[in-house]
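[1] quick one: sequence plus predicted model below, questions after.
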Amino acid sequence: MAADSRKDTGPEAAHLTLDELMPWSVRPLRTGRSWVTGPDPASLKARWDRLVRADGEEQERLFGPTRFRTPRTPVAALPGQTTSTARFARAPGAYPDPVRVLHGPFDEQWLIPDHRLIDAARPELWRVTDAHQLFTVEHGYLPGDDGPALSVTALLPDGYAPAGRPGRVRPLFRRPGGAEPNLAPGLCAVLGAAGLGGDAGPGTNGGEPVTPEALLAWTLAAARPAPGGCLVPLPREGALWSAGVELGRELLRLHLRGAHGGERPRLPGGQRPYVRSAVPPRPGSVAYDAGSGTLLLDEGRIAPVPSGAWEFRVGGARMLEVWFGRRAAAWTGAERDGLDAVGPAAWPREWTSELLELITVLALLDGVRDRQRELTERIGAARTIGREELWAAGVLPVPAAARRPSTVLGGQEEGPEGQFTLV
């Protein structure tokens, strides 16, 4: 960070950016070919089989070569995966089991985890993906958008943004096993000494301790999008900190959908959405009847669906419309060609279950928006911990090493053509 940034003025000058809070970030994945991801794992297997059966020019065409990947590119295996590292055209090897990923906010899809098929898979993220890890993803800035600034997931995220510039991916931990938090060094200690967690100092109230998980919860509740990256105000009052962490933990529960041993989100009885009329085999449109609170998939009917779930937007895009469009493209996308055209012949039953859960998550997230607005108002009227203070405490500027991935020692990874490296 530039030294003169301490002299910024304005009402938000003291607010940290997410880049200062969580300094190590990774650019979004870049697959280079859309057919390696999809909402239907059976279709990914069918695409692989078709590619393997093809040869010569046909395999080249189906593969979709770029300057980073062709069927003859030698590539190391992804960390934690046992895929072949021989050139694909010579020895494709066995089909790797697809992995669950977050494709943009709130859309869980599947990815073929073969490094030979992906232009930029970001191996540094795969090295730290485990049962302890959480990833924060910025949605990108869009003027006038009042949707959430961030998503948090336990899945590997691809960083896709519905609108605007894709945001960075920030792991909560820099090493496997929940080791070495990806936070500005000394930040938790300084905030604890300021009395936020009841550790010491004026205003102590015995509230939420300042842990990496609590700071992530606060960030999810309090972050606001801005042109230069998300802004994260840090309060001085222990009571405000505790209220924000409590709200953030509820948001985390909804974002994680039962990951890490949590409970899957559920609406109260009488408010849960159900299939009233079966989704047809190949629905071509999705719409909403506000009068009856019904989601319409051609003649399919799902209700009750609150208007807040239907209108839930990120980057100006309705999440339910985006989610449906990616799936209906299997039979409505006339322009699809090659392996992208390989998809389910009809709507799988699993998609209906996933849609019901997505409606539930969006409805519950919409239900806490008033609490988020109230928190924002309280922050606006409260004193915050300034950037000058963190410079004086040595937390800022963030050291260059904190912006680079940690060296993960002791794990063998297979390099191109079967060679092993120690990382």
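    Arrived safely.
[2] residue 68: neighbour count?
    12 (other CB atoms under 10 Å). All C-beta atoms are positioned from the backbone trio N, CA, C, and that covers glycine.
[3] the residue nearest to it when sequence neighbours are not counted: how many residues sit nearby?
    For residue 68, ignoring the flanking residues on the chain, the nearest one in space by CB to CB, 6 or more residues apart in numbering is residue 119 at 4.2 Å. Per other CB under 10 Å, the neighbour tally for residue 119 reads 16.
[4] isn't residue 119 up against residue 65?
    No: with contact defined as CB atoms under 8 Å, residue 119 does not count as touching residue 65 (10.3 Å).
[5] from residue 172, how far off is the residue nearest to residue 68?
    Distance of residue 119 to residue 172, computed by CB to CB, to the nearest Å: 26 Å.
[6] kindly report the same for residue 37.
    To residue 172, residue 37 is 24 Å away according to CB to CB.
[7] residue 233 too?
    From residue 233 to residue 172 the distance is 20 Å (CB to CB).
[8] residue 82 now?
    26 Å.
[9] just the pLDDT for the closest residue in space to residue 246 that isn't next to it in sequence.
    Residue nearest to residue 246 in three dimensions, not counting chain neighbours: residue 208, with 7.3 Å by CB to CB, 6+ apart. pLDDT for residue 208: 79.
[10] go on, residue 163?
    68.
[11] ok, now residue 175?
    96.
[12] residue 104 now?
    Model confidence at residue 104 (pLDDT) stands at 89.
[13] from here on, count from 242
    Got it, the first residue is 242 from now on, which makes the last one we talked about residue 345.
[14] could you check how far the nearest residue to it once chain neighbours are set aside is from residue 354?
    Spatial nearest neighbour of residue 345, excluding adjacent residues (CB to CB, 6+ apart): residue 401 at 3.8 Å. Applying CB to CB, the value for residue 401 to residue 354 is 17 Å.
[15] re the thing from before, which one's more surrounded, residue 323 and residue 413?
    Between residue 323 and residue 413, residue 413 has the larger neighbour count (other CB under 10 Å), namely 20 against 13.
[16] can you tell me the closest non-neighbouring residue to the more buried one?
    residue 375 is the one closest to residue 413 (CB to CB, 6+ apart), at 4.4 Å.
[17] how far away is that neighbour from residue 392?
    Taking CB to CB, one finds residue 375 at 11 Å from residue 392.
[18] how is the protein partitioned into domains?
    The record assigns the chain these domain ranges, following automatic domain parsing: 244-506+613-663, 515-599.
[19] adjacent strands (with direction) for the host helix or strand of residue 415?
    Assigned by DSSP states H and E, residue 415 belongs to strand 414-416. Using DSSP bridges, strand 414-416 pairs in its sheet with strand 420-422 (antiparallel).
[20] doesn't residue 393 belong to a helix?
    No: under DSSP: H, G, I helix; E, B strand; the rest coil, residue 393 sits outside any helix and is assigned strand.
[21] and it, how far from residue 340?
    With the distance defined as CB to CB, residue 393 ends up 18 Å from residue 340.
[22] neighbour-wise, which of the two wins?
    residue 393 (24 against 17).
[23] quick check: the closest residue in space to that one that isn't next to it in sequence vs residue 467, distance?
    Once flanking residues are discounted, residue 393 sits nearest to residue 496: 4.7 Å by CB to CB, 6+ apart. The gap separating residue 496 from residue 467 is 21 Å, by CB to CB.
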